[in-house]
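Q: got a structure for you, letters missing:
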C-alpha cells in the first residue's frame, strides 16, 4: 500500500486571497518580518499499487479531478 | 529569510468529509484500490528570522490563528 502525497498549489501570478488575508491577520496579531504567505492544498491518498504506478495514478487523479490546470500546479510524491 | 511549511491536518477520529467525498469521486472515475483519502491544509510562510526562532513563531501562528486545537494537529518544518 503506497501513500501518495498530492500537493496542489496556485501557479505564479495567480491571486491567493487566502494567503494574503492570512498574512494580514498574522501581522495584526503581532507577527513581524513576514514575507509571502501561500495557501496550499494537500491530499494524502492510500493506494494499493507499486510506487511507480502509484505515482502515475496520482498524476492522473490531478488531471482528472483534483487540480485545475488553468490556475494550479500539482506535484505527486510517493511515501 | 526562512520558509515555514505549516501542515494542518485533522486529528484521528475526526470526520473528513472532503477526503471521503474525494475518495468516492475518484472511485467513480475508475481509480481502484484506494484506501483512506485525507485532506490536509498547508501554509508556506516566509519569515525573516533564524531557523529556530522561525519554527517557534510558526507554532505560535498555529496556536493563535491557523489551527483549531479541538480537531486539528499541526506540524511546522523550516526549509
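A: Arrived safely, thanks for sending. Source: prediction; values computed, not measured.

Q: residue A:35 contacts residue B:44, doesn't it?
A: No: between residue A:35 and residue B:44 there is no contact under CB atoms under 8 Å: 9.8 Å. All C-beta atoms are positioned from the backbone trio N, CA, C, and that covers glycine.

Q: who's more crowded, those two?
A: Neighbours were counted for residue A:35 and for residue B:44 using other CB atoms under 10 Å in any protein chain shown; residue B:44 has more, 17 against 14.

Q: those helices in chain A, which residues are they?
A: Listed from the start of the chain, chain A has helices (DSSP state H) covering A:17-28, A:51-61.

Q: does the first one reach chain B?
A: Yes: looking at helix A:17-28 against chain B by CB under 8 Å from any CB of the partner chain, the contacts come from A:19, A:22-23, A:25-26.

Q: chain B contacts on chain A?
A: Applying the criterion CB under 8 Å from any CB, the portion of chain A that neighbours chain B consists of A:1, A:7, A:19, A:22-23, A:25-26, A:29, A:31-49, A:57, A:60-61, A:64-66.

Q: buried among the residues you listed? Need that as a selection in ChimeraX.
A: To isolate the buried ones among the residues of chain A next to chain B in ChimeraX, judged by 16 or more other CB atoms under 10 Å in any protein chain shown, type:
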select /A:7,19,22,23,26,31,34,37,38,39,40,41,42,43,44,45,46,47,49,57,60,61,66
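
Q: looking at the residues of chain A next to chain B, which are in strands?
A: For those, membership in strands holds for A:7, A:34-47, with DSSP state E as the criterion.

Q: let me know the pLDDT of the residue nearest to residue A:63 when sequence neighbours are not counted.
A: Spatially, and ignoring its direct neighbours in sequence, residue A:63 is nearest to residue A:69 (7.3 Å; CB to CB, 6 or more residues apart in numbering or on different chains). Predicted confidence (pLDDT) for residue A:69: 96.
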